[in-house]
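Enquirer: Structure for the following, please:
(one chain, ligands or ions: 1)
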Amino acid sequence: MAQRLAKHWCLSAIRSPLQVISFPALQLHVSGTAMRADQKDFENAVTRVKLLKDPGNEMKLKLYALYKQATEGPCNVPKPGVFNLINKAKWDAWNALGSLPKETARQNYVDLVSSLSSSSASSSQVKPGADKEQQGSENLVVTSENGITKIMLNRPTKKNAITTQMYQEIILALKAASKDDSTITVLTGNGDYYCSGNDLSNFTDVLSGEIEEKVKSIAILLRDFVDCFIDFPKPLIAVVNGPAVGISVTLLGLFDAVYASDRATFHTPFSQLGQSPEGCSSYIFPKMMGPAKAKEMLIFGKKLTAGEACAQGLVTEVFPDSTFQTEVWTRLKAYSKLPPNAMRISKQIIRNMEKEKLHAVNAEEVSVLQERWLSDECINAVMNFLSKRAKL
Ligand SMILES: CCCCC/C=C/CC(=O)SCCNC(=O)CCNC(=O)[C@H](O)C(C)(C)COP(=O)(O)OP(=O)(O)OC[C@H]1O[C@@H](n2cnc3c(N)ncnc32)[C@H](O)[C@@H]1OP(=O)(O)O
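Expert: Below is the predicted model of the structure:
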């Protein structure tokens, strides 16, 4: 567990004195006089900072100083002793901001995080208009070729479970894909699974203290993630190469076509995990398959075969596993040659009727989940899985 936590730079293990600089990034005490939008931007930036790759000590100090200035105002604590290297470096950085107003510091913090996010995105994501394969990060491979941008979950040894870093990367990949030259966008998985859902070790932070702040940051990330799927402007297609679990199933209701191998299964074990539905499934699934079938999945965790999911309208078409990739990609290549504007406009007409409702549903689902994640039922289920006592 400690190794997993160490992956995030803000919690990283101590290797040099400056590397122990940590950020009170989630302890927000934002001024009540601030505009609501500013506060939300600032909170989002504070969350995004946790997901960035290590930006180096100099940048960490800048972020620290701006954060302190934005939340507490000018430096108001005594200067640490000369041998207290880390705290002195932090104090110097904060003190150097002088009487910079809180609002300006908040804005500068948001701008700095945006620039760090986009530079890390541009180094790991496909460039708009690219017409050849591009490497994404290790766990998410993004390629763009022949009018198709493919976003592939690439963590086969963990059944493509989605880490917080991957949620962030998928958001960036979708944003890039919405602007690139491709006509359609595809999400798929590498290996025998499509995706085993949320990586349950995302909750180890929640188990380790500062619970409410951590839960809040996960909730903001989930909401932004699902919002991206709601707003995605081009045809979005899921190529479900194997079993799908949790959030990878619920999101399918927001895709424009879902092609599945006959090896795929569809499982939403939310009650077993002490959780509740997300991805707008609490609204889309009952509309799509009728309340009775939706409740069997979302409340009782009934696992569907690909054939059953197709009969319920969750899957567009099922293919034999032996010919799945060939048949689906032949079909997708044909679709990618259709007039792009016509496809976008048709999608827009259909989506616009529901967009506001979907955003409201997403917000509500996330707010309910935020409470669920703090429940004994959820904490015990996650601990059981992580200690290998339980599997689905
Ligand atoms: C921003 C956050 C938003 C949060 C949004 C919330 C979403 C809700 C959900 O998505 S709920 C669904 C969560 N997923 C699960 O509960 C699945 C848990 N996994 C399993 O039950 C099983 O691993 C399996 C049924 C998917 C596959 O079983 P199998 O026996 O075939 O394989 P292993 O169990 O040996 O798995 C191989 C390794 O992969 C690790 N792993 C698999 N899934 C997850 C996961 N979801 N989270 C973390 N790790 C996962 C597994 O632990 C094995 O790792 P190891 O080799 O190191 O032991």
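
Enquirer: Please list the residues of the stretch 201-350 of the chain that sit near the ligand.
Expert: Residues of the stretch 201-350 of the chain found near the ligand (C-beta under 6 Å from any ligand atom) are Ser201, Asn202, Ile218, Leu221, Leu222, Val245, Gly246, Ile247, Leu273, Gln275, Glu278. Every C-beta, even on glycine, is put in place using the N, C-alpha and C of the backbone.

Enquirer: Out of those residues, which is nearest to the ligand?
Expert: Using C-beta to the nearest ligand atom, Gly246 comes nearest to the ligand of these, at 2.2 Å.

Enquirer: And Thr163, how far from the ligand?
Expert: 9 Å (C-beta to the nearest ligand atom, to the nearest Å).

Enquirer: I'd assumed Ser137 was in contact with that residue.
Expert: No. In this structure Thr163 lies outside contact range of Ser137 using C-beta atoms under 8 Å: 10.4 Å.

Enquirer: for the stretch 1-150 of the chain, what spans make up the helices?
Expert: Remark: helices assigned in the stretch 1-150 of the chain by DSSP state H, counting those that start in this stretch are 2-5, 36-51, 57-72, 85-95, 102-124.

Enquirer: mind listing what's buried in the third one?
Expert: Think helix 57-72. Within helix 57-72, the residues that count as buried by 16 or more other C-beta atoms under 10 Å are Lys60, Leu61, Lys62, Leu63, Tyr64, Ala65, Leu66, Tyr67, Lys68, Gln69, Ala70, Thr71.

Enquirer: which among the residues you listed are in contact with the ligand?
Expert: Checking those against the ligand (C-beta under 6 Å from any ligand atom), there are no matches.

Enquirer: picking that back up, which of the helices of the stretch 1-150 of the chain comes out lowest on mean pLDDT?
Expert: Among these, helix 2-5 carries the lowest mean pLDDT, at a mean of 30.

Enquirer: follow-up on the earlier one: can the helices of the stretch 1-150 of the chain go into TSV with extra columns for distance to Tyr194?
Expert: Converted to TSV, the helices of the stretch 1-150 of the chain look like this (distance: least, C-beta to C-beta, whole Å):
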stretch	distance to Tyr194
helix 2-5	23
helix 36-51	23
helix 57-72	36
helix 85-95	45
helix 102-124	22
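
Enquirer: got a pLDDT number for Glu356?
Expert: For Glu356, the predicted pLDDT is 98.

Enquirer: Look up how far the ligand lies from the residue most central in space within the chain.
Expert: What sits nearest the mean C-alpha location of the chain, by C-alpha atoms, centre = their mean, is Tyr167, with 2.3 Å. The gap separating Tyr167 from the ligand is 5 Å, by C-beta to the nearest ligand atom.

Enquirer: phi, psi of that residue?
Expert: Main-chain torsions, Tyr167, degrees, to the nearest 10: phi -60, psi -50.

Enquirer: Mind pulling the model confidence for it?
Expert: 97.

Enquirer: show me where pLDDT drops low in the chain?
Expert: Within the chain, the segments meeting pLDDT under 70 span 1-37, 50-54, 83, 118-136, 205-209, 389-392.

Enquirer: Show me it divided up by domain.
Expert: 39-120, 140-391 (the TED database).

Enquirer: Of those, flag the one that's most buried.
Expert: Counting by mean count of other C-beta atoms under 10 Å, domain 140-391 has the highest mean neighbour count of these, with a mean of 19.

Enquirer: and it, how far out from the chain's middle?
Expert: Domain 140-391 sits 10 Å away from the centroid of its parent chain (C-alpha atoms, centre = their mean, to the nearest Å).

Enquirer: likewise stretch 139-158?
Expert: Counting by C-alpha atoms, centre = their mean, stretch 139-158 comes out at 15 Å from the chain centroid.

Enquirer: could the buried residues of helix 57-72 go into JSON lines alongside distance to Asp376?
Expert: As requested, the buried residues of helix 57-72 are exported to JSON lines (distance: C-beta to C-beta, whole Å):
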{"residue": "Lys60", "distance to Asp376": "36"}
{"residue": "Leu61", "distance to Asp376": "40"}
{"residue": "Lys62", "distance to Asp376": "40"}
{"residue": "Leu63", "distance to Asp376": "35"}
{"residue": "Tyr64", "distance to Asp376": "35"}
{"residue": "Ala65", "distance to Asp376": "39"}
{"residue": "Leu66", "distance to Asp376": "38"}
{"residue": "Tyr67", "distance to Asp376": "33"}
{"residue": "Lys68", "distance to Asp376": "35"}
{"residue": "Gln69", "distance to Asp376": "39"}
{"residue": "Ala70", "distance to Asp376": "35"}
{"residue": "Thr71", "distance to Asp376": "32"}
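
Enquirer: coming back round to it: which element, helix or strand, includes the residue lying closest to the residue nearest to the centre of the chain once chain neighbours are set aside?
Expert: In space, and not counting its chain neighbours, Tyr167 is closest to Phe225: 4.9 Å by C-beta to C-beta, 6 or more residues apart in numbering. Element membership for Phe225, per DSSP states H and E: helix 211-231.

Enquirer: Extract the C-alpha trace of the helix or strand that comes right after that helix and format it as PDB.
Expert: Helices and strands here follow DSSP H and E; after helix 211-231, the next one along the chain is strand 236-240. Extracted C-alpha coordinates of strand 236-240, given in PDB (Å, rounded to 0.1, in the frame of the first residue of the first chain):
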ATOM      1  CA  LEU A 236     -17.600   7.600 -29.400                       C
ATOM      2  CA  ILE A 237     -17.400   3.900 -29.700                       C
ATOM      3  CA  ALA A 238     -16.500   1.200 -27.100                       C
ATOM      4  CA  VAL A 239     -14.700  -1.900 -28.400                       C
ATOM      5  CA  VAL A 240     -15.300  -4.200 -25.500                       C
END
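
Enquirer: got the contact list for Gly246?
Expert: Shown in contact with Gly246 (C-beta atoms under 8 Å, 6 or more residues apart in numbering): Ser196, Gly197, Asn198, His267, Thr268, Pro269, Phe270, Leu273.

Enquirer: so of those, which ones are in strands?
Expert: Taking DSSP state E, the ones among these that sit in strands are His267.

Enquirer: returning to that earlier point: can you tell me which of the residues of the stretch 201-350 of the chain next to the ligand are in helices?
Expert: Of those, the ones assigned to helices by DSSP state H are Ile218, Leu221, Leu222, Ile247.
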